[in-house]
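K.L.:
prediction below, plus the sequence it came from.
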There are 2 protein chains.
Amino acid sequence: MKEKDEYILISHGDGGIKTQELVEKIISKYIKNPVLDRFEDSAILHGCRQKLAFTTDSFVIDPIFFPGGDIGKLSVCGTINDLAASGAVPKYMSLSLILEEGLSLNSLEKIMKSIKLALSEAEADVLVVAGDTKVVNRGSADKIYINTSGIGIISQSRELSPSRIMPGDRIILTGSVADHGIAVLSSRKEFNFKTKLKSDCAPLNNLILESLSCSKNIHAARDATRGGLARVLIELARSSKHDFHINSSKIPVKKEARAICDFLGMDPLYIANEGKMVIFVTESDSRKVLDTVRKNRYGKDAEIIGFVEQKGSGNVILETVLGTNRILDLHYSEQLPRIC
Amino acid sequence: MKEKDEYILISHGDGGIKTQELVEKIISKYIKNPVLDRFEDSAILHGCRQKLAFTTDSFVIDPIFFPGGDIGKLSVCGTINDLAASGAVPKYMSLSLILEEGLSLNSLEKIMKSIKLALSEAEADVLVVAGDTKVVNRGSADKIYINTSGIGIISQSRELSPSRIMPGDRIILTGSVADHGIAVLSSRKEFNFKTKLKSDCAPLNNLILESLSCSKNIHAARDATRGGLARVLIELARSSKHDFHINSSKIPVKKEARAICDFLGMDPLYIANEGKMVIFVTESDSRKVLDTVRKNRYGKDAEIIGFVEQKGSGNVILETVLGTNRILDLHYSEQLPRIC
């Protein structure tokens, strides 16, 4: 098929022969498994006798290929990480594509390969069990948008929830912030700066699983994506109604990321990540969990960046490098649209 | 918020304050429930001790408002019907929105209202438990795209599957075909014909449930959406490897739909529906199931349109009104893009 038609045509989305060809030859071969291969209306999931986690995310990142990843890897890791943050073992995923007429089939195939690779990197036996493909006319999308929804299994003892955050909890950040946002920004046409920074896009399910195995006192986890570390901390502080005290000198920011942020007048704490978690754990277990996180390939640079105060009203207090304190607040408008 | 900003802005999608406002004031209020209101990374689903069905669908219909429905109603009914076709009782749904900068908030609110109404029309206690909202710049989408994924519960005895289709099965069609496609087409700018036809968009979960309650001998069901009745029959015949014999005079087509199809040179069998099922049931139970379907508000015009032959190789044989037979085949390119 690829020799004759190198680009997505409107007819690829019409449910006819060309849709079928597209699905068979470029899409389903990368995510084949017996549940999906039945090609029925719904995937049938057997043996879910535990509590389940269910999540959804649409990815509209621009550009679709960027240093360290692409929209395919992102759409797998994003959903896996949302499940992991709930303490769930990712099991099933749906994959829904909205393709723009004119997308090159080579790009689509590259993205599907990347989806397959990300699924294997997660080492979690995640199956894509449901799918859908739509095509819209040229100018009605920007190359490709992907939705993934995910189902994970939670064992009774392991549910994580912001509602379990307690005063005294230590806050672990699993590595440096701002890499994803800067890497994506650097690959946009309108920016003419070069950087070796890569997106941190990665599946963190095993990092969380290993942490849960070493401690029964982990209370919550959240991946710091759109809106960056700042947004996650602000949201969790508000919902837990406790103040968080964060030591800014402990937050890992790569030298190059900081330099670019300074140059562009952006705050790295507000820049999106795609492979970083914040983990809330009791003080007594915090060192043990930190060591465990650091042993994972995606957690080498983890740090304890702060703690949950005994009292407060849901603020995030940032201790600056000068020793002064300031309260973090949501930006009215984020710096980077279409970052995930 | 609506007085000042009547339109979607890029900042509505950035994860900051405006995103939060949008979600709180226009989106979540229509789908509120305790599971969703936790606003965590994944919804936690309790008590799923049975087999589950899982499905996903992205909706890119043009125009987003059409006679008989809109993209919101469609996105709820589409996923409910996919679950119902597997014999599942719909339970949980995710809702992921891709909004184009410039979409009017009134339109978004109208769509959310319609989602709420469709959920209640389904009378199935379906909860939207996970959500996501993204915004893309003007010209990078066409107003709004919606993905819904759904989870349903299958009781052991009730799983429906094309693999269970047997020779001798009767094929019930739950009502007239082509209404949805014609209604949508008539509301497109480039067509200047008027019709009173409305989309048949409807939740069919109870129609299926009532059928399953009256007969243990229903083998399969499928909703006849993109590609129309023809596509569904062709796909099911191929996968079951049995020939289907269809009597074209038994297929309900509204007079007005047929006239428009004739005028435009289109075949109603290939035109999308959003509220019609084909049901495969043993001959002995077929009359009973037909009567039950006809009692449902969405099944009044149901007919037995054909049967599964004793032998064959997966063809759909259409007996024409002239008494001749022809084999239905997939069109190389469907007549109507962006019909769902």
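P.N.:
Structure's in. What do you need?

K.L.:
can you name the residues that contact residue A:7?
P.N.:
A:101, A:102, A:103, A:104, A:105 (CB atoms under 8 Å, 6 or more residues apart in numbering or on different chains). From N, CA and C alone the C-beta is placed, and that goes for glycine too.

K.L.:
quickly list what it is bridged to.
P.N.:
As for beta bridges, residue A:7 partners with residue A:104 under DSSP bridges.

K.L.:
quick one: pLDDT of it?
P.N.:
pLDDT for residue A:7: 77.

K.L.:
that one and residue A:103: what is the separation?
P.N.:
The gap separating residue A:7 from residue A:103 is 7 Å, by CB to CB, to the nearest Å.

K.L.:
C-terminal to the helix-or-strand element of chain A with minimal mean pLDDT, what's the next element?
P.N.:
Within chain A, no helix or strand scores below strand A:43-45, which has a mean of 61 by mean pLDDT, DSSP states H and E. Where DSSP states H and E defines the elements, the next helix or strand beyond strand A:43-45 is strand A:51-59.

K.L.:
strand partners (parallel or antiparallel) of that next one?
P.N.:
Note on strand A:51-59: by DSSP bridges, its sheet partners are strand A:144-154 (antiparallel), strand B:43-45 (antiparallel).

K.L.:
of all the ones you listed, which one is nearest residue B:254?
P.N.:
Nearest of the strands paired with strand A:51-59 to residue B:254, taken as CB to CB: strand A:144-154 at 34.2 Å.

K.L.:
what mean pLDDT does the closest one have?
P.N.:
93.

K.L.:
send the alpha carbons of that strand over as PDB?
P.N.:
The C-alpha trace of strand A:144-154 is given here as PDB (Å, rounded to 0.1, in the frame of the first residue of the first chain):
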ATOM      1  CA  ILE A 144      -2.300  13.200  14.300                       C
ATOM      2  CA  TYR A 145      -4.000  13.200  17.700                       C
ATOM      3  CA  ILE A 146      -4.100  10.100  19.900                       C
ATOM      4  CA  ASN A 147      -6.300   9.100  22.700                       C
ATOM      5  CA  THR A 148      -5.400   6.300  25.100                       C
ATOM      6  CA  SER A 149      -7.500   5.100  27.900                       C
ATOM      7  CA  GLY A 150      -6.100   2.600  30.400                       C
ATOM      8  CA  ILE A 151      -7.300   0.100  32.900                       C
ATOM      9  CA  GLY A 152      -5.000  -1.100  35.700                       C
ATOM     10  CA  ILE A 153      -5.400  -3.400  38.600                       C
ATOM     11  CA  ILE A 154      -5.000  -2.300  42.200                       C
END
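
K.L.:
and it, how far out from the chain's middle?
P.N.:
Put simply, strand A:144-154 sits 11 Å off its chain's centre (CA atoms, centre = their mean, to the nearest Å).

K.L.:
buried ones in that strand?
P.N.:
Buried residues in strand A:144-154, counted by 16 or more other CB atoms under 10 Å in any protein chain shown: A:144, A:145, A:146, A:147, A:148, A:149, A:150, A:151, A:152, A:153, A:154.

K.L.:
before we move on, the earlier item: going by distance to residue A:271, which of the contacts of residue A:7 wins?
P.N.:
Of all the contacts of residue A:7, residue A:271 sits closest to residue A:103, with 27.9 Å by CB to CB.

K.L.:
who are the contact partners of the residue nearest to the closest one when sequence neighbours are not counted?
P.N.:
Closest residue to residue A:103 apart from its sequence neighbours, by CB to CB, 6 or more residues apart in numbering or on different chains: residue A:8 at 4.1 Å. Neighbouring residues of residue A:8 by CB under 8 Å, 6+ apart: A:22, A:99, A:100, A:101, A:102, A:103, A:104, A:105, A:108, A:135.

K.L.:
go again using 6 Å as the cut-off
P.N.:
Going by CB atoms under 6 Å, 6 or more residues apart in numbering or on different chains, residue A:8 touches A:99, A:101, A:103, A:135.

K.L.:
quick check: angle from the host helix or strand of the last one to strand A:144-154?
P.N.:
The one in question is residue A:135. For residue A:135, the element it lies in under DSSP H and E is strand A:127-136. If you take axes from the mean of the first three to the mean of the last three CA atoms, to 10 degrees, strand A:127-136 sits at 160 degrees to strand A:144-154.

K.L.:
could you say what helices and strands strand A:127-136 packs with?
P.N.:
Contact here means 3 or more CB pairs under 6 Å, 6 or more residues apart in numbering or on different chains; DSSP states H and E; on that basis strand A:127-136 packs against helix A:34-37, strand A:89-100, strand B:51-59.

K.L.:
from residue B:177, how far out is residue A:314?
P.N.:
For residue A:314, the distance to residue B:177 equals 56 Å [CB to CB].

K.L.:
picking that back up, let me have the strands paired with strand A:51-59 in JSON lines, extended by distance to residue A:261.
P.N.:
Converted to JSON lines, the strands paired with strand A:51-59 look like this (distance: least, CB to CB, whole Å):
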{"stretch": "strand A:144-154", "distance to residue A:261": "28"}
{"stretch": "strand B:43-45", "distance to residue A:261": "35"}
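
K.L.:
which residue ranges of the stretch 201-340 of chain A form helices?
P.N.:
A:205-214, A:228-240, A:255-264, A:283-295 (DSSP state H, counting those that start in this stretch).

K.L.:
relative to chain B, which of those is closest?
P.N.:
Checking the helices of the stretch 201-340 of chain A against chain B by CB to the nearest CB gives helix A:228-240 as the closest, at 5.9 Å.

K.L.:
what comes into contact with the closest one?
P.N.:
A:162, A:165, A:177, A:222, A:224, A:244, A:269-272, A:278, A:314, A:316, A:328, A:330, B:15.

K.L.:
can you list the low-confidence ranges for chain A?
P.N.:
Scanning chain A for pLDDT under 70 picks out the ranges A:1-6, A:10, A:13-16, A:31, A:35-49, A:156-158, A:332-335.

K.L.:
what about the residue nearest to residue A:33 when sequence neighbours are not counted, how many neighbours?
P.N.:
The shortest distance from residue A:33 to any non-neighbouring residue, by CB to CB, 6+ apart, is to residue A:127 (4.8 Å). Neighbourhood size, residue A:127 [other CB atoms under 10 Å in any protein chain shown]: 20.

K.L.:
which of the helices or strands spans the spatially most central residue of chain A?
P.N.:
In chain A, the residue lying closest to the centroid (CA atoms, centre = their mean) is residue A:78, at 3.0 Å. Using DSSP H and E, residue A:78 falls within helix A:71-85.

K.L.:
for that helix, packing partners?
P.N.:
By 3+ CB pairs under 6 Å, 6+ apart, helix A:71-85 packs against strand A:51-59, helix A:105-121, strand A:144-154, helix A:205-214, strand A:218-223.

K.L.:
save those as JSON lines, and put in distance to residue B:52 too.
P.N.:
Shown next, in JSON lines, are the helices and strands packed on helix A:71-85 (distance: least, CB to CB, whole Å):
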{"stretch": "strand A:51-59", "distance to residue B:52": "8"}
{"stretch": "helix A:105-121", "distance to residue B:52": "20"}
{"stretch": "strand A:144-154", "distance to residue B:52": "8"}
{"stretch": "helix A:205-214", "distance to residue B:52": "20"}
{"stretch": "strand A:218-223", "distance to residue B:52": "25"}
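
K.L.:
which residues does the nearest residue to residue A:176 once chain neighbours are set aside contact?
P.N.:
Nearest non-adjacent residue to residue A:176, counting by CB to CB, 6+ apart: residue A:252, 4.0 Å away. Residue A:252 sits next to A:176, A:301, A:303 when contact means CB under 6 Å, 6+ apart.

K.L.:
most surrounded residue in those residues?
P.N.:
Going by other CB under 10 Å, residue A:176 tops those with 23 neighbours.
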